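Peer 1: Fold the following, please.
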Amino acid sequence: MNEVKIVISPDSFKGSLAADEVAQAMAAGIRALDQSIETLILPVADGGEGTLESLMSATNGRLVTVVVQDPLERKISADYGILGDEETCVIEMAKASGLTLLHREERNPLYATSYGTGELIKHALDAGFRKFIVGIGGSATNDGGVGMLKALGMKFLNCDGADLGTGGGALDQLSHIDMSEFDPRIEDSKFIIACDVDNPFIGTNGASHIFGPQKGATESIVSILDQNLKTLADVIERTYGVSIHHRQGAGAAGGLGGAFQAFFPLTMKPGIEVVMEAIGFREQIKNADLVITGEGRSDEQTLSGKAPYGVAKVARELGIPVMLLSGYLEPLSKKRLSSYFDVIGSVVNERVTQRESMEDPALFLKIQMYQMILSYVQMKK
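Peer 2: Next up, the predicted model:
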């Protein structure tokens, strides 16, 4: 197979392998078949966990480590990234305010704060950056972005003029917002928000009801959080004339999306589109003979804007065949997935159990990649 170019663009296999590790295992499987095949590794992500690493890897970017507050106000080290252009700053809010930073028993969105995300933004502003990509998936918070805004100088006061406490549970006391010390550099900056959620700020389809339970909220706490976000949205509208109550995407990351919409110059885009634009994906794959993508689990949700779907969409527009190799394929979804991917397969199959695949995911991924490429080559002959 001389002069063949294969682009490898998977998302992470959550819980087992980062996107770059997935891509390396896939490349090893291809090389085991034929060393002459050219492989280009372009790991991707959809705005959630792994977005930072994917963008750094693809653009030869660099990481900056900062000490910030985690969702429960403990000091931790968190990274943000600078793209290879040395102009664009990449912030993954989950690094500072993410659910994975908490033990299950610690999850409580009444108290969790997005303050650390604001600290990351402030550090980047201090370093001179004015172009931002912010991925807002995987949050532990439901504070409407108030923590982030506090870190950037905004004040949230009760009827006595005292500062509010921390977390979504304190917002019922909100009476006034003071923007007089809000960082003026925000207005001179450009923010692209990578977000795959179109939920509104409040209501039965809003931040609290849809995402609160996975962050530790009981049914009664969900009701409190939703009412508190309404209080916040009411004060924002009364004070600044901006209504975020039912705006699409405002409910992302526990209402962080609404905070961005109300107070930042921004564009909101699906995460995979943001990542592919940042790495010049279309230009890099245009001469490829095959594109391979994948994720930990593929089902019909894959077609709702997840990374493999974004990869397939661009590849098909360029007339390039697309192969999907995921950790697990939901059997009932195979027919629909086959409409978007030319070849589909999974690590977990009739020969490999899910438990085995998790014990040595890179090895079994390499083996399955070898088998699929072998079959593909034979089919093409």
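Peer 1: can you give me phi and psi for residue 154?
Peer 2: Backbone dihedrals for residue 154, given as degrees, to the nearest 10, come out at phi -80, psi 150.
Peer 1: any idea how far the closest residue to it other than its chain neighbours is from residue 167?
Peer 2: Closest residue to residue 154 apart from its sequence neighbours, by CB to CB, 6 or more residues apart in numbering: residue 182 at 4.7 Å. The C-beta positions use only the backbone N, C-alpha and C, and glycine is treated the same way. Distance, residue 182 to residue 167, using CB to CB, to the nearest Å: 20 Å.
Peer 1: Pick out whichever of those two has more residues nearby.
Peer 2: residue 167 (26 against 17; other CB atoms under 10 Å).
Peer 1: elements contacting the longest helix along the chain?
Peer 2: In the chain, assigned by DSSP state H, the helix with the most residues is helix 219-240. With contacts taken as 3 or more CB pairs under 8 Å, 6 or more residues apart in numbering; DSSP states H and E, helix 219-240 sits against strand 176-178, helix 207-211, helix 252-263.
Peer 1: Could you list the paired strands of the shortest one along with their orientation?
Peer 2: So the one you mean is strand 176-178. Strand 176-178 sits in its sheet next to strand 155-157 (antiparallel), going by DSSP bridges.
Peer 1: what's next to the partner strand, contact-wise?
Peer 2: Under the contact criterion CB atoms under 8 Å, 6 or more residues apart in numbering, strand 155-157 has outside partners 146, 149-150, 163-164, 171, 174-181.
Peer 1: Buried ones from the residues you listed, can you make that a ChimeraX selection?
Peer 2: Selection of buried members from the contacts of strand 155-157 for ChimeraX, criterion 16 or more other CB atoms under 10 Å:
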select :146,149,150,164,171,174,177
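Peer 1: wait, which of the contacts of strand 155-157 is closest to residue 56?
Peer 2: Among these, residue 149 lies closest to residue 56 (CB to CB), at 26.9 Å.
Peer 1: Remind me which helix or strand the closest one belongs to.
Peer 2: helix 146-151 (DSSP states H and E).
Peer 1: Identify the residues contacting the residue nearest the centre of the chain.
Peer 2: With distances taken as CA atoms, centre = their mean, residue 48 lies nearest the centre of the chain, 1.4 Å away. The contact partners of residue 48, taken as CB under 8 Å, 6+ apart, are 94, 135, 137-138, 196, 271.
Peer 1: which residue sits closest to residue 216 in space, ignoring its chain neighbours?
Peer 2: Nearest to residue 216 is residue 107, by CB to CB, 6+ apart, at 3.0 Å.
Peer 1: measure the residue lying closest to residue 270 once chain neighbours are set aside to residue 139 for me?
Peer 2: For residue 270, ignoring the flanking residues on the chain, the nearest one in space by CB to CB, 6+ apart is residue 305 at 5.0 Å. Noted for residue 305: a distance of 18 Å to residue 139, by CB to CB.
Peer 1: Between these two, point out the one with more neighbours.
Peer 2: residue 139 (29 against 18).
Peer 1: Name the residues linked to the more buried one by a beta bridge.
Peer 2: According to DSSP bridges, beta-bridge pairing links residue 139 with residue 98.
Peer 1: hmm, back to that, which of the contacts of residue 48 fall within helices?
Peer 2: 94, 271.
Peer 1: farthest-separated two in the contacts of residue 48?
Peer 2: Taking CB to CB, no two of the contacts of residue 48 sit farther apart than 94 and 196, at 13.5 Å.
Peer 1: Next, the contact list for residue 104, please.
Peer 2: With contact taken as CB under 8 Å, 6+ apart, residue 104 is in contact with residue 216.
Peer 1: Ramachandran coordinates for it?
Peer 2: Main-chain torsions, residue 104, degrees, to the nearest 10: phi -50, psi -40.
Peer 1: Check the secondary structure at residue 335 for me.
Peer 2: helix (DSSP: H, G, I helix; E, B strand; the rest coil).
Peer 1: which residues of the chain score low on pLDDT?
Peer 2: Along the chain, segments meeting pLDDT under 70 span 1-2.
Peer 1: Can you show me the helices along it?
Peer 2: Using DSSP H, helices in the chain cover 19-33, 51-59, 94-97, 115-126, 146-151, 207-211, 219-240, 252-263, 271-278, 281-285, 307-317, 334-337, 354-359, 361-380.
Peer 1: Which other helices and strands does the last one contact?
Peer 2: Counting contacts by 3+ CB pairs under 8 Å, 6+ apart, helix 361-380 packs against helix 19-33, strand 322-326, strand 343-346.
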